[in-house]
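Student: test case, fold it:
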Amino acid sequence: MPERVGFIGLGNMGGRMTRCLVTAGHEVVGYDPDAERVTAAGARSADSPAAVTAEAEVVLLSLPDSPVVERVVRGDDGVLGAARSGQVIVDLSTASPPSTQSIHADLAEKGAEYLDAGISGGAAAAEKGTLTLMTGGSEDALERVRPILDAFSAKIFHMGASGSGHVAKLLNNFLNGVSLSATAEVMVAAKKAGLELHTFLDVLNASSGVNFATLNRFPKIVDGDYLEGGLSSDLMMKDLLLYMDFVHSIGTPSINAAGSVASFGVAARLGYGDQISNRVVDALGDLAGGIRLHDPTTPQD
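Tutor: Numbering: from 1, shown residues only. As a prediction, this is how the structure comes out:
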């Protein structure tokens with residue numbers, strides 16, 4: 001039986017997930033600082049996170065980072081003040097695992113469950129309802145909300161105790177950032193060297209250099225479609241820095257982070273920070289003399 005769901009944060013990802021929930025027959029009450037996002041997604045707008053929490057048994061969060069999650073949960077008119085026994089709060093954000101564990105403990109004192117559920121697949125998968133979720137927290141709570149999460153996800157993995165879903169998400173996003181920035185660098189070099197890019201991608205995808213970016217991103221980018229609507233370069237940088245902080249805290253190296261951090265730092269410095277992270281290829285192209293993969297008139301050396 002579809003039930004009333006609360007949703008806080010209806011941006012690029014949250015809005016798409018909310019539309020999937022509405023399509024599946026759930027009544028959704030939502031909060032976003034831009035109330036028009038809530039109604040555009042087919043949800044009913046509430047005036048605060050606390051108001052959403054007061055109305056729904058299951059509340060989903062999709063927010064930019066841990067400081068925002070902390071404010072939404074612990075702030076005035078926040079989730080924590082309205083939380084009650086038996087409620088399940090699911091954080092779909094990319095967040096700091098220690099912050100997640102701290103919020104989990106606070107909500108447990110109210111008798112509420114807090115699941116961290118890192119998501120992967122980007123805006124396209126959110127639109128189709130085929131996201132991958134990595135969850136931490138109570139397995140019983142996960143099974144309770146699984147029918148709701150199924151509305152926008154194709155695969156759901158239980159990773160373990162509180163925080164483990166967000167750990168898995170940070171590790172995944174690090175590999176995502178490395179493969180995207182490294183592939184962007186290679187594609188710029190291929191263009192400047194005069195290779196036919198579709199054929200070169202066929203080579204990569206049949207060879208050991210294959211990765212998510214070569215399979216799913218660059219076949220579109222070389223034709224001028226940057227797959228707008230996904231993670232920005234600034235948010236990618238945020239995720240990379242979160243990864244570095246986390247691995248430092250557990251005493252493991254982050255030697256391979258430098259190149260990706262530099263690439264997205266350049267993207268931000270050159271004005272691409274608020275654009276989709278796929279535009280990192282244009283930032284690296286700028287450094288190579290104005291290379292654009294989809295521009296057949298790009299000068300060759």
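Student: domain ranges for this protein?
Tutor: 5-160, 168-287 (automatic domain parsing).
Student: pLDDT of the last one, averaged?
Tutor: The average pLDDT for domain 168-287 rounds to 96.
Student: quick one on the thing from earlier: packed most tightly, which of the domains of the chain would that be?
Tutor: Highest mean neighbour count among the domains of the chain (mean count of other C-beta atoms under 10 Å): domain 5-160, with a mean of 20. Every C-beta, even on glycine, is put in place using the N, C-alpha and C of the backbone.
Student: how far does it stretch from one end to the other?
Tutor: End-to-end span of domain 5-160 (C-alpha to C-alpha, to the nearest Å): 24 Å.
Student: so what sits opposite G6 in the bridge?
Tutor: As for beta bridges, G6 partners with V29, V59 under DSSP bridges.
Student: quick one: contacts for it?
Tutor: By C-beta atoms under 8 Å, 6 or more residues apart in numbering, the contact list for G6 reads V28, V29, G30, Y31, A46, V52, T53, E55, A56, V58, V59, L60.
Student: okay if I get the domains of the chain as TSV plus distance to D295?
Tutor: Shown next, in TSV, are these (distance: least, C-beta to C-beta, whole Å):
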stretch	distance to D295
domain 5-160	24
domain 168-287	8
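Student: so which of the ones you listed comes closest to L293?
Tutor: Across the domains of the chain, L293 has its closest neighbour in domain 168-287 (4.8 Å, C-beta to C-beta).
Student: now the terminal residues of that closest one, how far apart.
Tutor: Chord length of domain 168-287, first to last residue, is 33 Å (C-alpha to C-alpha).
Student: verify the stated contact: L133 with M159.
Tutor: No. At 9.7 Å, L133 and M159 do not qualify as touching, with contact defined as C-beta atoms under 8 Å.
Student: which residues do these two both contact?
Tutor: G165.
Student: T23: what's it in contact with?
Tutor: Per C-beta under 8 Å, 6+ apart, neighbours of T23: G42, G129, A151.
Student: list just the nearest of those residues to A184.
Tutor: The shortest gap between A184 and any of the contacts of T23 belongs to G129, at 28.6 Å (C-beta to C-beta).
Student: report pLDDT for the closest one.
Tutor: Looking at G129, its pLDDT stands at 95.
Student: how about the contacts made by it?
Tutor: C20, T23, A151, F152, S153, A154 are the contacts of G129 under C-beta under 8 Å, 6+ apart.
Student: and the residue nearest to A141 when sequence neighbours are not counted, backbone torsions?
Tutor: In space, and not counting its chain neighbours, A141 is closest to E113: 3.9 Å by C-beta to C-beta, 6 or more residues apart in numbering. Torsion angles at E113 (phi, psi; degrees, to the nearest 10) stand at phi -100, psi 140.
Student: how far away is E113 from H166?
Tutor: 15 Å (C-beta to C-beta, to the nearest Å).
Student: ditto for A35
Tutor: Distance, A35 to H166, by C-beta to C-beta: 28 Å.
Student: what ranges do the helices span in the stretch 1-150 of the chain?
Tutor: With DSSP state H, counting those that start in this stretch as the criterion, the stretch 1-150 of the chain has helices at 12-23, 35-40, 49-55, 66-74, 79-82, 97-109, 122-128, 139-149.
Student: could I get those helices as JSON lines with distance to L227?
Tutor: Shown next, in JSON lines, are those (distance: least, C-beta to C-beta, whole Å):
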{"stretch": "helix 12-23", "distance to L227": "12"}
{"stretch": "helix 35-40", "distance to L227": "21"}
{"stretch": "helix 49-55", "distance to L227": "30"}
{"stretch": "helix 66-74", "distance to L227": "25"}
{"stretch": "helix 79-82", "distance to L227": "32"}
{"stretch": "helix 97-109", "distance to L227": "29"}
{"stretch": "helix 122-128", "distance to L227": "7"}
{"stretch": "helix 139-149", "distance to L227": "24"}
